[in-house]
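# Provide a 3D model corresponding to the input given below.
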Amino acid sequence: MCCNNNCHHHHDNDKHEHVHEIEGFVQLAGNRCNLHTHCFETVTSTEIPCGHCDHFHEVEFKTDINDCHCHTFCGRTGPAIQAGNGEHIHLLESVTSFNDGHRHCIRVATGTEEPVRC
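Down below sits the predicted model:
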């Protein structure tokens, strides 16, 4: 389940929408002679409520081209993780599309600064 019923952040009272910037590198992959990585950056969707007190975001991106190919990703973040001072982050742990005979693992967090407001 995506929502912790004992959460401390009540999103219902927070009427503004927000997005998060997310950027990073996928983990090393490829054959032994050609290990490589790709970078990406994107902005999440606005928040999608989850239960009465939490939310997640949809994420889509295309990596840069490396070794004559790129990868795509379409999925969602985990729930909000409180980071203090009213700020929060989200984790993204998944895998990219299968291209050029392999996938890359993704394990990044959204920024810890105040999210971009719409």
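# so where do the strands sit in this protein?
18-19, 21-25, 39-43, 48-50, 54-56, 58-62, 72-76, 81-84, 87-89, 91-95, 105-109, 116-117 (DSSP state E).
# Most tightly packed of those strands?
Neighbour counts (mean count of other Cβ atoms under 10 Å) averaged over each of the strands of the chain peak at strand 54-56, with a mean of 21. Placement of C-beta: from N, CA and C, glycine included.
# Thought Val59 was touching Glu21, still the case?
No: between Glu21 and Val59 there is no contact under Cβ atoms under 8 Å: 11.0 Å.
# where does the chain dip in pLDDT?
For the chain, applying pLDDT under 70 flags the ranges 1-16, 112-118.
# now the residue nearest to the spatial centre of the chain: how far from Asn85?
Nearest to the mean C-alpha position of the chain, counting by Cα atoms, centre = their mean, stands Leu92 at 3.9 Å. Remark: distance between Leu92 and Asn85 (Cβ to Cβ, to the nearest Å) = 22 Å.
# Likewise for Ile48?
The separation that Ile48 has from Asn85, given Cβ to Cβ, amounts to 24 Å.
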